[in-house]
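Visitor: build me a model:
(2 chains)
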Amino acid sequence: MKILIADDEAVSLRMLERTLERAGYEVTAVSNGREAAEVLCRPDGPRLALLDWVMPQLDGPAVCRTVRRKRSQRHVYLVLLTSKSSKEDIVEGLESGADDYLIKPFDPGELNARLHTGMRILELEDNLLEAREDMRYKATHDSLTSLLNRGTILELLTGELNRKQRDQHSISIVLGDLDHFKLVNDTYGHILGDEVLREVARRMLGSVRSYDFVGRYGGEEFLVVLNNCCAVETAADRAEEIRRAIGDSPIRTTQGLIPITMSLGVSVSRPSDTLPLEDVLCEADDALYAAKSAGRNCCRLGSAGRA
Amino acid sequence: MPDLLARVDNDSELLTELLALFQEDFPRLRDALHNAVHAGDPLPVEKAAHALKGMLANLSIKHGAVLAAHVEAAARAGDKREIQQAMAAFEGEETGLLAAVDRFMAGGKP
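Guide: Numbering: from 1, shown residues only, chains lettered A, B, ... in the order given. This next block holds a predicted model:
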């Protein structure tokens, strides 16, 4: 665990450094408050700190206030270590944002115990953040394919349509539907159908740019948002790439190779277009229907694209 | 030095290193305190006495730390007469402190 110690008094600094190194900490030692604040505010800075109160440039409480103001991502456990020992000093120190307060000269056993308390709190915070991130991921992604779920892809599309008008760029969407997927489920069972869907998702993600969005729109329907894709031909080419990525080689499953194809409908929204989300989706849906009617395993453009 | 040796977990190498730091820093801090007292401004006196108090306490030089704390408290109260009295007591101790550390570092008993 990384720890920062800040003290302008050489004896105290060295004694702390050695005590903490012996306890297994990776110690960064500084001798003024400004440097301490700078190190602690780095994104990869230590999350444990022992700060003297009286220091040049910035005192301990000012370091606490700076860190609390600037660094918001993860909590930094700050301990003031000082010979100021009045009740007023302790209150002022804690009010400045310190988590704990130790009186000099420190007792090595007590110091280590209090730092362990700090580490427990940081660990608790890490667990909570991890759980929150896990919940956020589950709420926004499809559990089977790990693609964005329907609600999230539509929310992103709504945001991109608004941004398109403001920033004067184009967006294309591609609605894809696996051909005869019901037959796969009926023939091989839903477990294998799930395997196919997972591989289709992987292939779709592999055939778009990192700043495009891919979501599972329904059972075997997928929606792709191609950001800043203005030319109709480009959008059609991109859809064709996706089609080939899905259909060019059969999917390897636990029950052997399964051939699968996808029909795709494309809708291009130019900066001047003011179509609402529903109409954009409807256009892509009509184009998808046209692709199905044309014999499947092909792409078709919506009416705006043909104009 | 038994208290200090216990605090550094019987690490005699560290003990020597800390006392060397004391030999180097103590005269500077002491001079800063003397200069501040002569200048007559309580705030620098308080800061210098605070620094000395911390250093002495860390080295388990308890009596010296208490005397420095008296100077600090008098300066915080802005009581010049009390500062002079506390300084006199501290000055009575400081020469002996350095001499004891010097003897220890030279291999003798403190």
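
Visitor: hey, let's count contacts and neighbours off CA atoms from now on
Guide: Fine.

Visitor: so where do the helices sit in the chain?
Guide: This is for chain A. A:10-22, A:33-40, A:60-70, A:87-95, A:108-140, A:150-167, A:181-188, A:190-206, A:232-247, A:277-293, A:303-306 (DSSP state H).

Visitor: chain B, not that one
Guide: Using DSSP H, the helices of chain B run over B:2-7, B:12-39, B:42-58, B:62-77, B:80-105.

Visitor: what does the first one contact?
Guide: So that's helix B:2-7. For helix B:2-7, the external contacting residues (C-alpha atoms under 8 Å, 6 or more residues apart in numbering or on different chains) are A:Asp107, A:Pro108, B:Asp11, B:Ser12, B:Leu15, B:Leu59, B:Ser60.

Visitor: among these, which one has the most neighbours?
Guide: B:Leu59 (23 neighbours; other C-alpha atoms under 10 Å in any protein chain shown).

Visitor: look up phi and psi at that one.
Guide: In terms of degrees, to the nearest 10, the main-chain angles of B:Leu59 are phi -90, psi 10.

Visitor: excluding its backbone neighbours, what's nearest it?
Guide: Of all residues not flanking B:Leu59 in the chain, B:Leu4 sits nearest, at 5.9 Å (C-alpha to C-alpha, 6 or more residues apart in numbering or on different chains).

Visitor: could you list the low-confidence segments of the chain?
Guide: In the absence of a named chain, this looks at chain A. By pLDDT under 70, the low-scoring segments of chain A are A:71-72, A:230, A:232, A:304-307.

Visitor: nope, chain B please
Guide: Within chain B, the segments meeting pLDDT under 70 span B:108-110.

Visitor: need the residues of it near chain A, please.
Guide: Applying C-alpha under 8 Å from any C-alpha of the partner chain, we find that chain B lies next to chain A at B:7-8, B:14, B:18, B:21-22, B:25, B:50-51, B:54-55, B:57-60.

Visitor: in the stretch 151-300 of chain A, what residue lies closest to chain B?
Guide: Closest residue of the stretch 151-300 of chain A to chain B, C-alpha to the nearest C-alpha: A:Ser210 (54.7 Å).

Visitor: that residue: how many residues sit nearby?
Guide: When counting by other C-alpha under 10 Å, one arrives at 8 neighbours for A:Ser210.

Visitor: look up how far A:Gly206 lies from the residue nearest to A:Val200 when sequence neighbours are not counted.
Guide: Closest residue in space to A:Val200, ignoring its immediate chain neighbours: A:Ile246 at 6.2 Å, by C-alpha to C-alpha, 6+ apart. From A:Ile246 across to A:Gly206, the span is 10 Å (C-alpha to C-alpha, to the nearest Å).

Visitor: these two: who's more crowded?
Guide: Taking neighbours as other C-alpha under 10 Å, A:Ile246 and A:Gly206 compare with A:Ile246 leading, 25 against 12.

Visitor: isn't the more buried one up against A:Pro259?
Guide: No. With contacts defined as C-alpha atoms under 8 Å, A:Ile246 does not count as touching A:Pro259, sitting 9.1 Å away.

Visitor: which neighbours do those two share?
Guide: Common contacts of A:Ile246 and A:Pro259 (C-alpha under 8 Å, 6+ apart): none found.

Visitor: picking up where we left off before, in CSV, list the helices of chain B along with distance to A:Thr158.
Guide: Output for the helices of chain B, formatted as CSV (distance: least, C-alpha to C-alpha, whole Å):
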stretch, distance to A:Thr158
helix B:2-7, 64
helix B:12-39, 65
helix B:42-58, 61
helix B:62-77, 64
helix B:80-105, 73
